[in-house]
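[1] below is the sequence, then the predicted model.
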Amino acid sequence: MTDERFKELLAGYLGGQATEADLAELHQAVFASPSRRKCLQEETRLHVLLREALAEEVELQALQPVAPARRRAPERRRCLPLAAGMAAAVLLAAGVLTGLWYWSDGKQERQGLGVCLDVSTSGDVTIERGGRTVQAVADLVLDVGDRVVCDTHARAMLRLADGSNLSMEPGSSVVLVSDRPQVRLERGEVLFEIAQRPADAPAFEVRTGQSTVAVMGTVFTVETGDHTRVKVYEGRVALTRHSDSASVEVGSLQTATTAAKELAAVALFVPAPQPTSTVRLLPTDDATLDRGARALGALLKVEGDRRTAYLRFVVPAVGRIHSARLRLTQAIDPGQGTLRFWLADHSKWEEDTLRPDTAPKAVREVARRVGVVRRNQVIEVDVSDAIDQPGPVTIVITLDRKKEHDIWFGSKESDIPPELILTCCSPPRSPRRGM
Amino acid sequence: MDMPTEPMTTGAGDDRPFQSLLCITENRCRILAMIVAMVHDFEVAEDLFQETVLEILKSESQFDPTRRFTPWACGIARNVVRRYWRQCKRAPASGMADLVADLALVSTEGDDDLWRQERRALRRCLGKLPDRMRRLLLLRYGHNFKGRELAQRAAYRAGSIRTTLARLRGQLRQCIQMQMASSAREANP
């Protein structure tokens, strides 16, 4: 083989354009000649080092527009190699530390009583534990005795080990009293989605200053201040008032308050249609377009100027929809930035055939989430504005940040699929016949 | 990048994750080279590198610390690429996958110190390139454009882009060798 031919094969190999015959020829040449073996190594090293150096340069260029303008340009030019070096060092250190964080997070994985699933980016959510106060972050494992406090601008979502979810409203505070589980609501309002409990298991208890709510699996809110009010949307709970041990069962679409002289369940006051059930939908189709080509695999990936994720749901006729929340779970690659959720102009697409020319266009932003998405973090956004009638709907997800900030989520093929959670109301009653 | 010539040593066990991460960081280029040589796309390779890191950390208990880290890590990278091929139904034809993996493994061999020296020399050499050449490399390696799109963006004829890049790499290779020879003379006058 001539040197010219070898170089040609090598260029085709590095460019990914080598045919099977080329590969076999290259393989034979490399394994027959130590000098050609060395040549392959040199070329691959150069290939990878070029990528490293120039991808870093692209990153630095991308950062420049946000840097304040400087008047002393010559100095800036002199500093660029240093800046590049420092940036590389920072990236390397960040990579190690991030990796260590993920790793230690994984290694130290412990059940605890639950985990902080999501924390709103506005306001503060704190955890008081053993006399110390720490900032709540997603993924933080919660223990018995922890007090979770949302300030007046913050929300938090907790998932307990038994699968129950607690959505804490601004100004609320709960203490995880025991792993029974028992929760003390000190103030504010919390929506409880209690997982169905085995018949022989003790009831899930929510205690307030005035009462105890015992449940076996249902959806309800508890609000406490001077009095406690319970609103049940699904199932039933037992409310017991501490002052006189009076007890009442509060059923679906009923409410009760400890302020009443006689503890009783009454129909939930319905100024507007109220939620009666929760419907969880998986996407019928989901896909990622990566630079215009459909990305394969069981992940949805978003990245600025590169990857856009598409989710198609078919909303059933379930009566009036009170709210719609899109829930996504991070997988493998965490990241950060502004995630934007858009309503698309059509839903006439399928994941196997999605192409840029057939892909729906993002027409109206319906939700936005800013911040970091950590490993295994579940994020939830309100996309009610996108859901106004039964039928197919497509939500497009974009991210403004690039490169290492890209975020991956589980797709419907994964074991952590996206979910559209609809809180629905009963369909309006038909007028009675003969009236 | 510094490549360890010694096996990865670990302490009583508690520092193993940290040791692993250091080894991964030190050998990032080499593991990435293995993946790039198999999938021929930087962005896909970088995604698969992240999956490889997770696999390495998950399998760390199976690593024999008396052996060298890089071959073991490259073996995991090879498996991650094979899994990717299966998922994407893009596996090379029967028998070809082994050839590709063999060549990729050869790509990661070599003197450990070379990576570090060549990185330093390459940065100097890039600074000496004419703007048009540098722009072409930036589009190919920084932005990962290939083929016709690269030719359009860089304003080259599609038929000549591969040859131009090969020639450019050849020039850079010469420059790197001269830089390294010059550094060696300075170190040992």
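    On my side now, so go ahead.

[2] okay, CA-based contacts and neighbour counts for the rest of this
    Fine.

[3] what's the neighbour count on the residue lying closest to A:Thr208 once chain neighbours are set aside?
    Nearest residue to A:Thr208, sequence neighbours excluded (CA to CA, 6 or more residues apart in numbering or on different chains): A:Leu185, at 5.2 Å. Using other CA atoms under 10 Å in any protein chain shown, A:Leu185 has 26 other residues around it.

[4] wait, A:Leu185 touches A:Arg207, no?
    Yes - the pair A:Leu185 and A:Arg207 passes the contact test of CA atoms under 8 Å, sitting 6.1 Å apart.

[5] pLDDT of whichever strand or helix holds the residue nearest to A:Thr208, averaged?
    Counting by DSSP states H and E, the element that carries A:Leu185 is strand A:182-193. For strand A:182-193, the per-residue pLDDT values average out at 91.

[6] strand partners (parallel or antiparallel) of it?
    According to DSSP bridges, the neighbouring strands of strand A:182-193, each with its direction, are strand A:165-168 (antiparallel), strand A:173-178 (antiparallel), strand A:204-207 (parallel), strand A:219-224 (antiparallel).

[7] give me the contacts around that strand.
    If you take CA atoms under 8 Å, 6 or more residues apart in numbering or on different chains as the criterion, strand A:182-193 is touched by A:164-177, A:204-209, A:217-225.

[8] in ChimeraX, select just the buried ones from those residues.
    When burial is assessed using 16 or more other CA atoms under 10 Å in any protein chain shown, the buried subset of the contacts of strand A:182-193 is captured in ChimeraX by this command:
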select /A:164,165,166,167,168,169,170,171,172,173,174,175,176,177,204,205,206,207,208,209,217,218,219,220,221,222,223,224
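
[9] where does the stretch 51-200 of chain A dip in pLDDT?
    Scanning the stretch 51-200 of chain A for pLDDT under 70 picks out A:60-111, A:120-122.

[10] and the strands in it?
    For the stretch 51-200 of chain A, strands defined by DSSP state E, counting those that start in this stretch occupy the ranges A:114-119, A:125-129, A:132-135, A:141-142, A:147-150, A:156-160, A:165-168, A:173-178, A:182-193.

[11] so who does A:Ala309 touch?
    The neighbourhood of A:Ala309, defined by CA under 8 Å, 6+ apart, consists of A:Asp286, A:Ala287, A:Thr288, A:Leu289, A:Leu300, A:Lys301, A:Val302, A:Val396, A:Ile397, A:Thr398.

[12] most tightly surrounded among the strands of the stretch 51-200 of chain A?
    For the strands of the stretch 51-200 of chain A, the largest average neighbour count (mean count of other CA atoms under 10 Å in any protein chain shown) is found in strand A:147-150, namely a mean of 25.

[13] show me chain A divided up by domain.
    Dividing chain A into domains by automatic domain parsing, as the record does, gives the ranges A:3-65+A:73-105, A:114-267, A:277-424.

[14] for A:Lys361, give its distance to chain B.
    Distance from A:Lys361 to chain B, counting by CA to the nearest CA, to the nearest Å: 23 Å.

[15] what's the separation between that residue and A:His346?
    As for A:Lys361, its distance to A:His346 is 8 Å (criterion: CA to CA, to the nearest Å).

[16] then A:Pro390?
    Applying CA to CA, one obtains 14 Å for the distance of A:Pro390 from A:His346.
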